[in-house]
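Q: return a 3D structure for these sequence lines:
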Amino acid sequence: MSDCCSLPGEPDNSHKNAPSRHKCPSNGQNYSKVAYATVLHHVKNSWKNNFGEQAYYFCDDPDCDVVYFGLNNCEITKAMVRTVVGVKETSDETLICYCFGVSKAVAKSDKAAYQFVLEQTKKSNCSCKTSNPSGRCCLKDFPQT
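A: Alright, predicted model coming up:
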């Protein structure tokens, strides 16, 4: 994947032009791209992973065991990540907000949690790109009132 103009150890940036959506090799549905940094923060022993820097996508289907998959169709399953992925679990104890530790149960019972997360997000005090397995803001995942 490198060419004569690449410096040794320089990352391959060809994934930057990858499509924004790609089909999960397990369930065949299209999902959105997620940053490589997000994947690195959630994969167990990321220093040992051999998937490499490429375009990755986040599968949010609760019935699919795949969490991330690459443009080359490699699969990273729930067993391979160190984070319990809330959208893939039914327990009310799983997290909705990974930045501030808000579970589904708390989000349902304490409306102040949403307001707090909203305020902190507006102040850029969140770290969704790396804390949330989806790499996206959690505000849309809170229960609607």
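Q: break this structure into its domains for me.
A: 14-80, 86-141 (automatic domain parsing).
Q: now these in TSV, with mean pLDDT and mean neighbour count?
A: All C-beta atoms are positioned from the backbone trio N, CA, C, and that covers glycine. Below are these laid out as TSV (pLDDT from 0 to 100; neighbours: other C-beta atoms under 10 Å):
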stretch	mean pLDDT	mean neighbour count
domain 14-80	93	16
domain 86-141	96	16
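Q: just so I have it, where are all the helices in the chain?
A: 36-42, 104-109, 111-122, 128-131 (DSSP state H).
Q: for Leu139, find the nearest of those helices.
A: For Leu139, the closest of those is helix 111-122, at 6.4 Å, according to C-beta to C-beta.
Q: against which helices or strands is that closest one packed?
A: helix 104-109 (3 or more C-beta pairs under 8 Å, 6 or more residues apart in numbering; DSSP states H and E).
Q: what does the helix it packs on contact?
A: Residues outside helix 104-109 that contact it (C-beta atoms under 8 Å, 6 or more residues apart in numbering) are 86, 91-97, 113-114, 141-143.
Q: can you redo those as TSV with distance to Ala105?
A: As requested, these are exported to TSV (distance: C-beta to C-beta, whole Å):
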residue	distance to Ala105
Gly86	11
Ser91	9
Asp92	4
Glu93	6
Thr94	9
Leu95	10
Ile96	9
Cys97	12
Ala113	10
Tyr114	13
Asp141	13
Phe142	12
Pro143	10
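Q: widest-spaced pair of those?
A: The span of these, defined through C-beta to C-beta, is set by Ser91 and Tyr114 at 19.6 Å.
Q: so how far is His42 from the nearest residue to Thr38 once chain neighbours are set aside?
A: The shortest distance from Thr38 to any non-neighbouring residue, by C-beta to C-beta, 6 or more residues apart in numbering, is to Gly135 (3.8 Å). The gap separating Gly135 from His42 is 9 Å, by C-beta to C-beta, to the nearest Å.
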